[in-house]
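Enquirer: Below are the sequence and a predicted model; questions follow.
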Amino acid sequence: MADAAFLALTVITIGSAIAALEMRSLIYGSIALMGTLGGIAGFFFLLDAPFVALFQLAVYVGSIAVLILFTVMLVKRELIFKKIEDRRRKFAGIGLMLIIMISLGAVFLDSGIKTITTDEPPVDFRDIGTNFVTYYWPALILMGLILAGSVTGALVLARREDVENDQRAS
Amino acid sequence: MWKMTNELVDFTLVSVALLAIGIYGLAVKRNFIRMLFAVEIIINAANLNLVAFGRFLPHAGGQTLALFSIAIAAAEVAVGLSLIIVAYRMYQNVDIADFRSLKG
C-alpha cells in the first residue's frame, strides 16, 4: 500500500503536469512543469535512488526549466497568453488520454507486476559509476559527443546572421 | 531488512498517468512550447519506470539508463528550444500550423 509521501508526490506531479499544459500563461505553465520535474525527483528519492534524484534536480529543475522559462520570455507577450486549440480536438484528446490511461492501467493491474516486492537493499550508487566506465563506456563517449554536437547545433541554429553581418559592416 | 512500503505497480500507474497526459498535450496543443512540455512529461514518465524497475529487480542498469536518458533529454531540449527561436524569428508565431511551409 502506498504511503502518505507517495500520495502527496503523486498529487503534486500529476496536478502540476496538467497545470503545465492547461494554464493560460506559458510562464506559469513552465513553473508548473518545474513542479512535475521536482515531483519525479521526489519519486526517485522514494525509490532509494538519491544520485539520480539529485541529477534530475540539477539538470531538469536547475537548467532545462530555466532554459524554457527564458525562451518563453523571448516570445511576444500576447502569444504567451494566447491559447491555440479547437474544442473538438480537445475532447478527442481527453478521450484518447482516458483510453490510454484505462487500457494501460488495466494491463498493468492485470499483469504479474502486482506481486513484485523486494526485500533487498537498494543498488549502491558506486555500481552506477562502475557500470558507466565498464560495460557502458562506448555509450558514455557517444553520449558526450551527442551532447557536444547538439549544443553546438543549437548555437548555430539560434545565431542571427543578419545582425552579425551588420556589425561586421559598421 | 529493506521493505519498500510502495509497490512497483504504484509507480507504474503514476507513470501511465503521466504518459497519457503527455500524449494528450501532444495531440491537442498547437503551441510549439506546450508540445515541448508534453514531450518532457513523457520522457519523465519513462525515466520513472526505468528507476522503479531498477529498484525492484534490483539492478543498477535502471539508474544508469535513467541517467543516460536525462542527459539526452537535455540535448533534445536545447535543440528544440533553438528550433522554436528560429521558427519564431521567421514567422513571429509559435503556432505549429503556421510552420507547415518549413517543409521542403
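Expert: Alright, I've got the coordinates. Residues are numbered from 1 along each chain as shown, chains lettered A, B, ... in the order given.

Enquirer: Chain B: helices as residue ranges?
Expert: All helices of chain B, identified by DSSP state H, fall at B:8-28, B:32-56, B:61-91.

Enquirer: Now tabulate those in CSV and tack on mean pLDDT and mean neighbour count.
Expert: Bear in mind the C-beta positions are built from the backbone N, C-alpha and C, glycine included. Supplementary listing: those in CSV, determined by pLDDT from 0 to 100; neighbours: other Cβ atoms under 10 Å in any protein chain shown:
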stretch, mean pLDDT, mean neighbour count
helix B:8-28, 93, 23
helix B:32-56, 93, 23
helix B:61-91, 90, 19
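
Enquirer: What is the longest helix of chain A by residue count?
Expert: Assigned via DSSP H, chain A shows its longest helix as helix A:87-110.

Enquirer: which residues sit against that one?
Expert: Residues outside helix A:87-110 that contact it (Cβ atoms under 8 Å, 6 or more residues apart in numbering or on different chains) are B:9, B:12-13, B:16-17, B:19-21, B:23-24, B:27-28.

Enquirer: Keep only the residues you listed that also lie close to chain A.
Expert: Contacts with chain A within the contacts of helix A:87-110, as defined by Cβ under 8 Å from any Cβ of the partner chain: B:9, B:12-13, B:16-17, B:19-21, B:23-24, B:27-28.

Enquirer: ok, which pair from those is furthest apart?
Expert: B:9 and B:28 (28.3 Å; Cβ to Cβ).

Enquirer: Give me the pLDDT value at residue A:121.
Expert: Residue A:121 carries a pLDDT score of 84 in this model.

Enquirer: before we move on, what about residue B:104?
Expert: So, for residue B:104, pLDDT stands at 50.

Enquirer: circling back: is it possible to export the helices of chain B to a markdown table including distance to residue A:28?
Expert: Shown next, in a markdown table, are these (distance: least, Cβ to Cβ, whole Å):
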| stretch | distance to residue A:28 |
| --- | --- |
| helix B:8-28 | 15 |
| helix B:32-56 | 12 |
| helix B:61-91 | 18 |
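
Enquirer: thinking again about what came up before, tell me the mean pLDDT over the longest helix of chain A?
Expert: Across helix A:87-110, the per-residue pLDDT values average to 91.

Enquirer: and the helix or strand following that helix with chain B, contact?
Expert: Using DSSP states H and E, the helix or strand that follows helix A:87-110 in sequence is helix A:125-133. Yes - on the criterion Cβ under 8 Å from any Cβ, helix A:125-133 is in touch with chain B at A:125, A:127-128, A:130-132.

Enquirer: need the contact list for residue A:40.
Expert: A:13, A:56, A:60, B:44, B:47-48.

Enquirer: Is chain B within reach of the helix or strand of chain A with the lowest mean pLDDT?
Expert: Least confident helix or strand, chain A: helix A:77-81 with a mean of 73, by mean pLDDT, DSSP states H and E. Yes - residues of helix A:77-81 are located near chain B by Cβ under 8 Å from any Cβ, namely residue A:79.
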